[in-house]
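Enquirer: Next comes the sequence, and after it the predicted model I'd like to discuss.
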Amino acid sequence: VAVVLLRDINDGAEHARELANFLRPLSDSEGVSILLDLIPYNDVGIAGFERPLPETVLAFKEEVWASLRSLVVHVRHPRGEDSSAACGQLATATPAKRLGRHQCLT
C-alpha cells in the first residue's frame, strides 16, 4: 500500500491511526502481510501542497506502526526533486506568461 504524505493535510498522528484502522481488516486476514510505503510529497510548486518535515514523516511512521504492529512500514526517500519527476509526479515549467507556475501532468 502506497500513501503520499502531504504537510498539514494527511501527515498527523490522527491520520496515522485512521490509516492503521483502515488497514486492520486486511491485516487480520490469514496469510496477508502488508507493506506500507510512505511517500513524502514531491513539492513541485503547487500552492497548498508541501512535503512534510522529515521528523513529521518519522513520527507518522512510528504512530502507524504502533497502531498496527503487523505492518511493515517503509519511507521512500525522495528522488527526482530537481526535475519535478518523482514517482507519479511529473511536472513541467511553462512560460510565466501562460500559467505563472508549474503545471502538473497527469
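Expert: Sure thing, it's come through.
Enquirer: okay, now the nearest residue to residue 6 once chain neighbours are set aside: neighbour count?
Expert: Nearest residue to residue 6 in three dimensions, chain neighbours excluded: residue 41, at 4.9 Å (CB to CB, 6 or more residues apart in numbering). From N, CA and C alone the C-beta is placed, and that goes for glycine too. Residue 41 has 20 neighbours, counted by other CB atoms under 10 Å.
Enquirer: what's the spacing between residue 41 and residue 10?
Expert: 10 Å (CB to CB, to the nearest Å).
Enquirer: and what of residue 23?
Expert: The value you get for residue 23 to residue 10, if CB to CB is used, is 14 Å.
Enquirer: Could I get the phi/psi values of the residue nearest to residue 1 when sequence neighbours are not counted?
Expert: Leaving aside its sequence neighbours, residue 1 sits nearest to residue 36 (CB to CB, 6+ apart; 5.3 Å). Main-chain dihedrals, residue 36, degrees, to the nearest 10: phi -100, psi 120.
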